[in-house]
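[1] return a 3D structure for these sequence lines:
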Amino acid sequence: MKSNKVINIAVLILLIIWMLNYNQNYNVFLMFIDWVRGGFSTSIPTFDFFDLMFSLFLPPILAASYYIFRNRLNFEINTNFGLVFITMFFVYSFLFAPLLTISDPNYQFNQRIARLISPFESIKYLEKNESDKTNGSFNYKNRIYFSSYSVLEDSIKVFQGRNQTIYNKRQIVFSDQKPKVFDTFLPFGTDDYGRCVYSRIIYGTRISISIGALSVFISFLVGLFLGHLAGIAGGITDKFLSRISDLFLAVPIIFFILFLLISFGNNFFTIVMVLGFSGWMSIFKLVKDETTKAKNYDFISTSRQLGFDSLYILIKDYFPIIIIPVTTNLVFQFANVILAESALSFLGLGISLEEPSWGAMIRSGQGYLNQAWWLIFFPSLTFVSLLITLKILGEKLVQHLNPILNDN
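    Predicted coordinates for the structure are as follows:
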C-alpha cells in the first residue's frame, strides 16, 4: 500500500477521534466554552493550557493542511497499514492524550472496589445531583463508586467493599424512578492503587517520546557542532575531540548516567540533559567524516572564496550532505534513548514515581505477576511495539534516502 493512501486513512482516523470527543468525559470543546465564558481567566483544572489548545485546534489544522498541500508532497514509500496504524497511535498519544484516555493517569478510583480490576471490565458508579464541576474536565467529585447498593424509603445505601454510606435520594441522579447507574470501561484494568492502566500507558507514551525527542535533539546539536569543528579544523582539534569521543565510548555510559543522576537528582530536565549529552558520539563521528570529505569540494571552496560566513556554509552546503546519514542515525538513537529512559525508571532512577513511566509501571507490577499479569504485560507490549516500530521506520527511511537501495 502506498504512503498517500495510508496517510489518508490516518488523517480520517484523527478526525474521527476528534469528533467523538463530544462524548468523552474529558471534553475539550466544553472546557474551551467554559474558559471563554469566564473571560479567559477561569483556571483549567487537571490539565494545562497545552493540552487544551493542542486537542482542540491541532487535529483539524493538521488535517486541513494535509489535504491542501498533499499535491506538493512528492514522496512514495511502500508500507503497510499496520505500521502506519501503530505509528499514528503513538503520535496521537503524544499530541492528544486527553482525547484518548479514560481518566487522569494519577487518579485513584475507590481502592476498596477498584484495586487490581482485570482488563476489559467496568467499574460502576452513581452520580450526585450537585453541579460543582467544570464542563469537560476530568472531575470525579460527583461520582460515587460502588460494589452494590440498596434503595430505602428516603435514602440509598451504597456499599464500597465492607464500608457502607447512606445518601439522601435527592443527592443522587435518578432515571425512571431508580438510581441512574454509570460505568467506566477499563480496557487494561487497574493497578494496585486503583488507577487506570490504559490512561497511564497513554500518558507514559507522552513522557517517553518527550524525553527521547529532546535528548536526541541535544545529541544532534552537540554532535553537529563538535563534528563540524573537528572536520573543518583538523589537526590537533580533530585529534583532541576524537579522543574525547573515544573516552565516552570506552567507559560504560551507564556509570556516567548514574553518577550525574545521583549528583543532580532524577527530574525530567536532568534525565533529558544526561541522556542528551551521553549520546552525541555517533553523530560526531558521522558529521566529522562527512565534513572532512566535503570540505575540499569545489562548490564549498567557491562559497568560502565568495566570503560567506561559516554558519551559512554549514547550513547551505554541508547540511544537505550530512543530513541523510545523520537522520537515519537519529531514528535508531531515538529508540535507544527510550530504552535507556525505561531502564532508568525500572531501576527507580527515572522521573518522579508519580509520573506514568513505562519502566516504573513494569517495576511496580513485579510483585503482582501471579495475581495481576496485566500490570506488566500491557506496558511491556506498548514498549516493545514502539521499539520495533522505530526500527522498521529507520530501515524504511534508510531505503528511501539511499538512492541505490531505493532503486533496488
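[2] can you pull out the strands in the chain?
    In the chain, the segments counted as strands under DSSP state E are 121-127, 143-145, 148-151, 155-160, 163-168, 174-175, 178-179, 182-186.
[3] so which of the ones you listed is the most packed in?
    Highest mean neighbour count among the strands of the chain (mean count of other Cβ atoms under 10 Å): strand 143-145, with a mean of 20. Heads up, the C-betas are built off the backbone N, CA and C, glycines and all.
[4] parallel or antiparallel, list what pairs with it.
    Paired neighbours of strand 143-145 in the sheet (DSSP bridges): strand 121-127 (antiparallel).
[5] picking up where we left off before, which one of the strands of the chain has the lowest average pLDDT?
    Among the strands of the chain, strand 174-175 has the lowest mean pLDDT, at a mean of 82.
[6] circling back: could you dump the strands of the chain into TSV and include distance to residue 297?
    What follows is the strands of the chain, written out as TSV (distance: least, Cβ to Cβ, whole Å):
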stretch	distance to residue 297
strand 121-127	65
strand 143-145	67
strand 148-151	78
strand 155-160	74
strand 163-168	78
strand 174-175	77
strand 178-179	78
strand 182-186	60
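[7] nearest to residue 283 among those would be which one?
    Across the strands of the chain, residue 283 has its closest neighbour in strand 182-186 (42.6 Å, Cβ to Cβ).
[8] got the contact list for that closest one?
    With Cβ atoms under 8 Å, 6 or more residues apart in numbering as the test, strand 182-186 has contacts from 102-103, 109, 117, 119-127, 143, 196-198.
[9] tell me how far residue 164 lies from residue 124.
    In this view, residue 164 and residue 124 are 16 Å apart by Cβ to Cβ, to the nearest Å.
[10] what does residue 358 give?
    Counting by Cβ to Cβ, the gap from residue 358 to residue 124 is 29 Å.
[11] and the strands of the chain: which comes nearest residue 316?
    Minimum separation from residue 316 across the strands of the chain (Cβ to Cβ) falls at strand 182-186, 54.2 Å.
[12] what angle do that closest one and strand 121-127 make?
    If you take axes from the mean of the first three to the mean of the last three Cα atoms, to 10 degrees, strand 182-186 sits at 150 degrees to strand 121-127.
[13] partners of strand 182-186, with directions?
    Using DSSP bridges, strand 182-186 pairs in its sheet with strand 121-127 (antiparallel).
[14] now do the partner strand against strand 163-168, angle only.
    Using the same axes, to 10 degrees: strand 121-127 against strand 163-168 is 40 degrees.
[15] need the contact partners of strand 121-127.
    Contact with strand 121-127 is made by 109, 113-114, 117, 142-146, 149, 156, 158, 172-173, 179-186, 189-190, as judged by Cβ under 8 Å, 6+ apart.
[16] residue closest to the middle of this structure?
    The centre of the chain sits closest to residue 206, judged by Cα atoms, centre = their mean, with a distance of 2.0 Å.
[17] would you map out the domains in the chain?
    If you go by automatic domain parsing, the domain ranges for the chain are 3-100, 121-186, 203-407.
[18] and among those, the most buried is which?
    Most buried of the domains of the chain by mean neighbour count (mean count of other Cβ under 10 Å) is domain 203-407; its value is a mean of 17.
[19] rounded mean pLDDT for that one, please.
    Mean pLDDT, domain 203-407: 83.
[20] distance from the chain centre to that domain, please.
    Distance of domain 203-407 from the chain centroid (Cα atoms, centre = their mean, to the nearest Å) equals 16 Å.
[21] quick one: the residue of the chain most remote from its centre from residue 279, how far?
    Here the chain reaches farthest from its C-alpha mean at residue 153, the gap being 50.5 Å by Cα atoms, centre = their mean. Computed as Cβ to Cβ, the residue 153 to residue 279 distance reads 69 Å.
[22] with residue 382 instead?
    To residue 279, residue 382 is 23 Å away according to Cβ to Cβ.
[23] the helices in the stretch 201-350 of the chain, which residues?
    Assigned by DSSP state H, counting those that start in this stretch, the stretch 201-350 of the chain shows helices spanning 235-250, 253-264, 268-277, 281-294, 298-305, 310-313, 319-346.
[24] what pLDDT is listed against the residue farthest from the centre of the chain?
    On the pLDDT scale, residue 153 gets 81.
[25] residue contacts, it?
    Under the criterion of Cβ under 8 Å, 6+ apart, the contact list for residue 153 is empty.
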